[in-house]
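Enquirer: structure of the sequence below:
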Amino acid sequence: MPLTPPLPALPRFWRRAFTALISSCGLLWAQGPAHSQEPLHPVDAAAPVQPATQAPWARTMHRELERFARQENARFGVYVHDLDSGQRMSFHGDERWYLASSVKVPVAIAVLRAVERGDFSLETALTLRAGDYVDGAGSTSRQPVGTALTVRWLLEQMIIYSDNTASDMLIGLVGIREVNAVTQLLVPRGLERITSLADVRRHAYRQLTPEADHLSGSDFLVLKQQRSDADVKAALARLLHLPASALQPMSLSQAYEAYYAEGLNSGRLDAYADLLAQLVGGAALNAQHTAYLLGVMERVKTGPRRIKAGLPPGARFAHKTGTQRARTCDSGLVTMPRAVQERRVIVVACTRGEPSTARSDRTLRHVGIALCQSGLLSHGKSHETTCPRVFPPSLGPVAPAVLGGPGTAGSHTDDDLRDEP
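Expert: As a prediction, the model looks like this:
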């Protein structure tokens, strides 16, 4: 069984001691409950910038997001950080949001830090076990037991296709404590405890019965095949050898909302933006692995109708999406080519309370459009940037409705590119 390696040693003694102390605190934090009632603190010590004192692009974007939220009655948050000027824009970015599969970026960082330590290489092969299966997107769960899969292949499946089975195999390799310790080291405040993807399911179903702790990987695959919420609950009772009456009298939506309230796998958008800034700036990984991970994030296949669909032609987007029942996210680094210097902007956005993934995708697409129209990507000259068309209220192309497994039954989502963790 893989052991959890220590955080990487730094060249000087006092830095080693300081890192060890921070890591130890992170391990204690990783074992404790999520503090859902903690007061919110900005990532930086400085007071948050108010719209009246923001840069012109930030005021323009904030006004457009407010208008869209009123018009569509949409609940979403956005945080933007211009890495070149340091200017920022927050639209409910200091609130806690469920991050869904966005947590797979810190998992990737923890894995690559272990590679840098020499614990294993990207070509190290892991053997797929029966207990590794988790439902969701990607092809790992379709591989037979005993298949040898390299760390590189698993990491790319996790990021590009948001593969939950690949994610949990990598978490098992480095240890969930290490994932949380690294996250805490890079961003000490604002990001709550991360769990395995299988434990996301168990925590959600635990709202219906404490016996959900005993659900196995094969159980998750059975639950995925159910066609409705009622079928999921009936199958859950059968798998756990319980009468249907033993389950709590709540819907799956209510169970997931109760799980979200626990605060696990959640965080402030400004804190997650800070994590991405640490990655882009080289504080999380060495130059080789920073470039590798950002390159993988540019190849993401999930969320094609989200922020990326609202960006101007030529923009590159190294990002990670997240999708779960009534929760969606899209976050990453936007890079605009320029003759002299590229423009680099971090954008983090999440929605909540909307059961339709298609409508949530439309909201996140508009975040991209608002960023495009703000002028930030064109040095304040928005008329020089060709932005995608804004759809009329409640209109525009939407993804087809697909019924699926736990967390998706009865909601709209992409079929093989669903990435709910």
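Enquirer: summarise which helices and strands the helix or strand encompassing Asp231 is packed against.
Expert: When elements are defined using DSSP states H and E, Asp231 is found to belong to helix 229-239. The contact analysis (3 or more C-beta pairs under 8 Å, 6 or more residues apart in numbering; DSSP states H and E) places helix 229-239 against helix 217-224, helix 252-261. Yep, even glycine has a C-beta here, placed from its N, CA and C like the rest.
Enquirer: which helix or strand in this protein has the lowest average pLDDT?
Expert: The weakest-scoring helix or strand in the chain, judged by mean pLDDT, DSSP states H and E, is helix 13-31 (a mean of 42).
Enquirer: picking up where we left off before, return the member of the helices and strands packed on helix 229-239 having the minimum mean pLDDT.
Expert: Within the helices and strands packed on helix 229-239, the stretch with the lowest mean pLDDT is helix 217-224, showing a mean of 94.
Enquirer: other SSEs contacting that one?
Expert: Contacts of helix 217-224 with other secondary structure elements, assessed using 3+ C-beta pairs under 8 Å, 6+ apart, are made with helix 197-206, helix 229-239.
Enquirer: how far out from the middle of the chain is that helix?
Expert: A distance of 22 Å separates the centroid of the chain from that of helix 217-224, by C-alpha atoms, centre = their mean, to the nearest Å.
Enquirer: picking that back up, redo the helices and strands packed on helix 217-224 as JSON lines? Include mean pLDDT, mean neighbour count and distance to Asn286.
Expert: Listed next are these as JSON lines, based on pLDDT from 0 to 100; neighbours: other C-beta atoms under 10 Å; distance: least, C-beta to C-beta, whole Å:
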{"stretch": "helix 197-206", "mean pLDDT": "98", "mean neighbour count": "24", "distance to Asn286": "27"}
{"stretch": "helix 229-239", "mean pLDDT": "97", "mean neighbour count": "19", "distance to Asn286": "44"}
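Enquirer: low-scoring stretches of the chain, by residue?
Expert: Of all residues in the chain, those with pLDDT under 70 make up the ranges 1-53, 339, 380-384, 393-421.
Enquirer: so Leu65 sits against Gly93, correct?
Expert: No. Applying C-beta atoms under 8 Å, one finds Leu65 not in contact with Gly93, separated by 10.7 Å.
Enquirer: for these two, list the residues in contact with both.
Expert: Residues within reach of Leu65 and of Gly93 at once, by C-beta atoms under 8 Å, 6 or more residues apart in numbering, are Val78.
Enquirer: how about the residue most central in space within the chain, what does it touch?
Expert: For the chain, the residue nearest the mean C-alpha position is Ser102 (1.0 Å; C-alpha atoms, centre = their mean). Ser102 sits next to Tyr272, Lys320, Thr321, Gly322, Cys329, Ser331, Cys350 when contact means C-beta under 8 Å, 6+ apart.
Enquirer: okay, and which of those residues map to helices?
Expert: Those of these mapping onto helices are Tyr272, per DSSP state H.
Enquirer: only whichever of the contacts of Ser102 are buried, select them in PyMOL.
Expert: Buried residues within the contacts of Ser102, as defined by 16 or more other C-beta atoms under 10 Å, are selected in PyMOL through the command that follows:
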select buried, resi 272+320+321+322+329+331+350
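Enquirer: now, among the contacts of Ser102, which is nearest to Leu221?
Expert: Gly322 (21.0 Å; C-beta to C-beta).
Enquirer: that closest one contacts Thr328, doesn't it?
Expert: Yes. Counting by C-beta under 8 Å, Gly322 does reach Thr328; the two are 6.7 Å apart.
Enquirer: identify the contacts common to those two.
Expert: Ala100, Cys350.
Enquirer: understood, closing this out.
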